[in-house]
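1. Okay, here's the prediction I keep looking at, along with the sequence it came from:
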Amino acid sequence: MSLSQTLKVFEALDSAHATGQTVVDLLAPYGKWAKVETRTIQGPRGKTDFVRVTVPGTEGKQAGGSAPTLGIVGRLGGVGARPTRIGLVSDGDGAVAAVAAALKLAHMREQGDALPGDVIVSTHICADAPTRPHQPVDFMDSPVDTESLNEHEISEEMDAVLSIDTTKGNRILNHKGYAISPTVKQGYILRVSEDLVRIMEMTSGRPAVTFPITTQDITPYGNGIYHLNSILQPSIATQAPTVGVAISTVSAVPGCGTGASDEADIAATVRFAVEVAKEFGRGTCSFFDQEEYQRLLALYGSLAHLQKRQ
């Protein structure tokens, strides 16, 4: 279960005073099992606090082992849009989910349930982020640019990435709950991972829900091309396979909308991420077929140029 962690994080971040230190304080009781780092970055539209939580595994790189490392990124513009909006905005779901996953993993470790591989959780906390126009509903903007977000949220240690992002401001994904994207790796949009589908169905008790992405969505922001949202932006900054985990709704909800976060949907997303972390570290969950990917490279060459802003 992950609902208690989700509620705890939700209440902590639903505040005009929420900062990176808020996350540090939440994880302080688990200091032995979770390393928390926070750093304030000033951008052209304000400032934000980047947060990184590392929960070491018994056979992970932190312990000198070889078990793979999972990255969990909470992608968002900000958890609040003050002073124009009061309270936690819909866009903040990604941060809530990521921090709740870190809290759950740290609690598990304290209770003796250690994962084989390391897990690195990263996000950023900004209670007064700007907004910007977007169709069909307004988006949250970020105080810093995409390059800065990726620089601080993605690390070379990550062998695969789950990018959790609110994805409600569209008419493409009409489902309440969460959905997963195809795997993206260095410019290629690969097939949806069968292992992730299996884990999603196991943790939800329902058929898996996936959502479509396009080549536009895996190119860098700022290139003048329409993007569904920023959920796959982490894929442009890593060689690791990246999957978007979209917290979604049936109707189109603006990212700057308040009162639009569903704690049960966020908790379900956290539960999925935790189960992926368990299986990825022990080698029973693959994000893509390595042999098939090499065949694509042999036939069609690299598409890594799509990761760069032209």
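-> Perfect, thanks for sending it. Computed from a prediction, not measured in an experiment: that's the story for all the values here.
2. Let's see whichever strand or helix holds residue 40 as PDB, backbone CA atoms only.
-> Assessed by DSSP states H and E, residue 40 sits inside strand 35-43. Extracted C-alpha coordinates of strand 35-43, given in PDB (Å, rounded to 0.1, in the frame of the first residue of the first chain):
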ATOM      1  CA  LYS A  35      20.200  10.100   0.900                       C
ATOM      2  CA  VAL A  36      18.400  13.400   0.200                       C
ATOM      3  CA  GLU A  37      19.900  16.300  -1.700                       C
ATOM      4  CA  THR A  38      18.300  19.600  -2.500                       C
ATOM      5  CA  ARG A  39      19.500  22.600  -4.500                       C
ATOM      6  CA  THR A  40      17.900  25.900  -5.300                       C
ATOM      7  CA  ILE A  41      18.200  27.000  -8.900                       C
ATOM      8  CA  GLN A  42      17.300  30.500 -10.200                       C
ATOM      9  CA  GLY A  43      15.700  30.700 -13.600                       C
END
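3. and that strand, average pLDDT?
-> Averaged across strand 35-43, pLDDT comes to 94.
4. Residues touching that strand, excluding its own?
-> 19-21, 23-24, 27, 47-54, 56, 124, 142-145, 148, 152 (C-beta atoms under 8 Å, 6 or more residues apart in numbering). The C-beta positions use only the backbone N, C-alpha and C, and glycine is treated the same way.
5. taking these one by one, which sit in strands?
-> Secondary structure assignment by DSSP state E places 47, 48, 49, 50, 51, 52, 53, 54, 124 of these in strands.
6. Could you pull up the residues touching the second one?
-> Spelled out, it's residue 48. By C-beta under 8 Å, 6+ apart, the neighbours of residue 48 are 40, 41, 78, 124, 125, 126, 129, 142, 143, 144.
7. Which strand residues bridge it?
-> residue 41 (DSSP bridges).
8. Number the residues from 33 up from this point.
-> I'll keep to 33 as the first residue from here, and by that count the last item is residue 80.
9. Quick one: the strands in the stretch 133-282 of the chain, in order.
-> Along the stretch 133-282 of the chain, counting by DSSP state E, counting those that start in this stretch, strands occupy 151-157, 163-164, 171-172, 192-198, 209-212, 216-217, 220-221, 274-280.
10. Those: which one's closest to residue 117?
-> Judged by C-beta to C-beta, the one of the strands of the stretch 133-282 of the chain that comes nearest to residue 117 is strand 163-164, at 7.9 Å.
11. Which residues does the closest one contact?
-> Strand 163-164 is contacted by residues 109, 113, 116, 117, 170, 171, 172, 173, 287, 288 when judged by C-beta under 8 Å, 6+ apart.
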